[in-house]
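A.B. asks: this is a predicted model, with the sequence first.
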Amino acid sequence: MKILKEIAIPTILIVALILLANPYMFWMPSPMQMLILVVFVITFVLFGSFIWKEKAADERENLHRYIIGRFAFLTVTTILVFGIILQTINHSLDIWLVITLISGILAKVAGRYYAQKKL
């Protein structure tokens, strides 16, 4: 059952994001968009709660979680940097890309500081 949650929730989250992106602008009347947005928010809260509650059983699992977190951080920040570069070249930089990258970097620094002081 746990593996089903680990697969189903991220899948629903990804599908909701794709539907919200509305590729090719061929659907999504306003009420449908609001419904998908509600599904997205609820699923994201569930996803966040599962990640927050997960516990490592031993040092090896803890190391794997750190490695996974590092890969995720580097992947997301790399995509944000490419987005910033491409949008800057096109003279249409979306401020949310910059805010998101700054937030991620600050969260990484704050988390590292917290870990050094508390652990």
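C.D. replies: Okay, I see it.

A.B. asks: and for the residue lying closest to Leu101 once chain neighbours are set aside, the neighbour number?
C.D. replies: In space, and not counting its chain neighbours, Leu101 is closest to Leu80: 4.4 Å by C-beta to C-beta, 6 or more residues apart in numbering. For glycine as for every other residue, the C-beta is placed from the backbone atoms N, C-alpha and C. If you count neighbours by other C-beta atoms under 10 Å, Leu80 ends up with 18.

A.B. asks: hang on, isn't Leu80 packed against Ile99?
C.D. replies: No - shown here, Leu80 and Ile99 do not form a contact pair, counting by C-beta atoms under 8 Å, at 10.0 Å.

A.B. asks: following element in sequence after the helix or strand containing the residue nearest to Leu101, please.
C.D. replies: Assigned by DSSP states H and E, Leu80 belongs to helix 59-89. Per DSSP H and E, helix 59-89 leads on to helix 95-118 as the next helix or strand towards the C-terminus.

A.B. asks: so Phe50 makes contact with Lys5?
C.D. replies: Yes - here Phe50 reaches Lys5: they are 6.5 Å apart, a contact under C-beta under 8 Å.

A.B. asks: if I look at Gly104, how far off is Val39?
C.D. replies: Computed as C-beta to C-beta, to the nearest Å, the Gly104 to Val39 distance reads 25 Å.
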